[in-house]
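**Student:** this one's sequence-less:
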């Protein structure tokens, strides 16, 4: 409302009555309303003195409303902390003061409050809750990895770099992987390249070459390992507490079955082969049925045998 009084005052100061059009006089008649007691009864000025008097009254009212808005902003608990709003209110108030000081001050005993400005709008205000799904955002903490694994509750060693290179005889790397997001080292062969390079069972693969694989799936990691050829560059981290990696119903190594589907790159895949090269012999112990216990067949996909990829 303070800005409405200010703009109306500047419009009255800008042009004389002789330059007004009929639409201007009709607008002044419809946007102002006077009570006739403590307010000026001038709605449409007929003389130049009345025009200046009405303009000064509106500009003076704008200053009063600006000061009131600043007071409410300082008193409100939610608004007083918003420094941007305080700067805007102060800048507008200073601009109105400059306009008021530029007017020639003359003593006038008829200085009263200006007529009220009748607010009018073509828009219906309504409270609309923000829809955060309209604009996609990127998680700032996504680069840290899955929260369930890479959280403050876990303690890790510093990331270490392991470089493995096959010899002229084409020997394998000697480790297998399981799970996804992130992929875990399932087993390391004794005296293999991986064992000599410092790889340990239970390590997490967080990088292959220059690529971050914390969020990569099992298939993506295996594809990157195959594309590396005879030389592979791995970045590993080791959990300080390995107890949470141990599963209660762990299957013996003898019962896992052998995976012998070899490829030209020396990487064995645990996917079922139509030729029958993959043999599995799971031995499960029959337990009494408990309705409150999850079935033993509902296992995590990271522990399934066909998810293991053995790099020989």
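**Tutor:** Thanks, I have the structure now. Being a predicted model, the structure only gives us computed values, none of them experimental. Numbers count the residues shown, from 1 in each chain.

**Student:** contacts, neighbours, all on C-alpha from now
**Tutor:** OK.

**Student:** in this protein, which spans are strands?
**Tutor:** Counting by DSSP state E, the segments of the chain that form strands are 32-33, 116-117, 160-165, 175-178, 183-188, 204-208, 211-212, 231-237, 267-268, 309-311.

**Student:** most packed of these?
**Tutor:** Per residue and on average, the most neighbours among the strands of the chain fall to strand 309-311, with a mean of 26 (mean count of other Cα atoms under 10 Å).

**Student:** if we can go back for a sec, if you average pLDDT over each of the strands of the chain, which is lowest?
**Tutor:** Note on the strands of the chain: strand 267-268 shows the lowest mean pLDDT, a mean of 42.

**Student:** surely residue 40 meets residue 116?
**Tutor:** No. Look at residue 40 against residue 116 with Cα atoms under 8 Å: they stay out of range, at 9.7 Å.

**Student:** which neighbours do these two share?
**Tutor:** Common neighbours of residue 40 and residue 116, counting by Cα atoms under 8 Å, 6 or more residues apart in numbering, are residue 34.

**Student:** contacting residues around the closest residue to residue 56 other than its chain neighbours?
**Tutor:** Nearest residue to residue 56 in three dimensions, chain neighbours excluded: residue 9, at 6.7 Å (Cα to Cα, 6 or more residues apart in numbering). For residue 9, the contact set (Cα under 8 Å, 6+ apart) comprises 54-59.

**Student:** repeat that for 6 Å
**Tutor:** 55, 58-59 (Cα atoms under 6 Å, 6 or more residues apart in numbering).

**Student:** tell me which of those residues fall in helices.
**Tutor:** Among these, the members falling in helices are 55, 58-59 (criterion: DSSP state H).

**Student:** redo the residues you listed as JSON lines? Include pLDDT and neighbour count.
**Tutor:** Output for the ones in helices among the contacts of residue 9, formatted as JSON lines (pLDDT from 0 to 100; neighbours: other Cα atoms under 10 Å):
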{"residue": "55", "pLDDT": "84", "neighbour count": "24"}
{"residue": "58", "pLDDT": "84", "neighbour count": "27"}
{"residue": "59", "pLDDT": "87", "neighbour count": "25"}
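
**Student:** which among the residues you listed gets closest to residue 67?
**Tutor:** Closest approach between the ones in helices among the contacts of residue 9 and residue 67, by Cα to Cα: residue 59, at 12.7 Å.

**Student:** the closest one against residue 6, yeah?
**Tutor:** Yes. Residue 59 is in contact with residue 6 according to Cα atoms under 6 Å; the separation is 5.3 Å.

**Student:** spatially, what comes nearest to residue 209 if we skip its sequence neighbours?
**Tutor:** Leaving aside its sequence neighbours, residue 209 sits nearest to residue 233 (Cα to Cα, 6+ apart; 5.1 Å).

**Student:** quick one: residues contacting the one you found.
**Tutor:** Residues counted as contacts of residue 233 (Cα under 6 Å, 6+ apart) are 162-163, 208-209.

**Student:** let's have these in a markdown table, adding distance to residue 202.
**Tutor:** A markdown table is the format used below for these (distance: Cα to Cα, whole Å):
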| residue | distance to residue 202 |
| --- | --- |
| 162 | 15 |
| 163 | 18 |
| 208 | 17 |
| 209 | 20 |
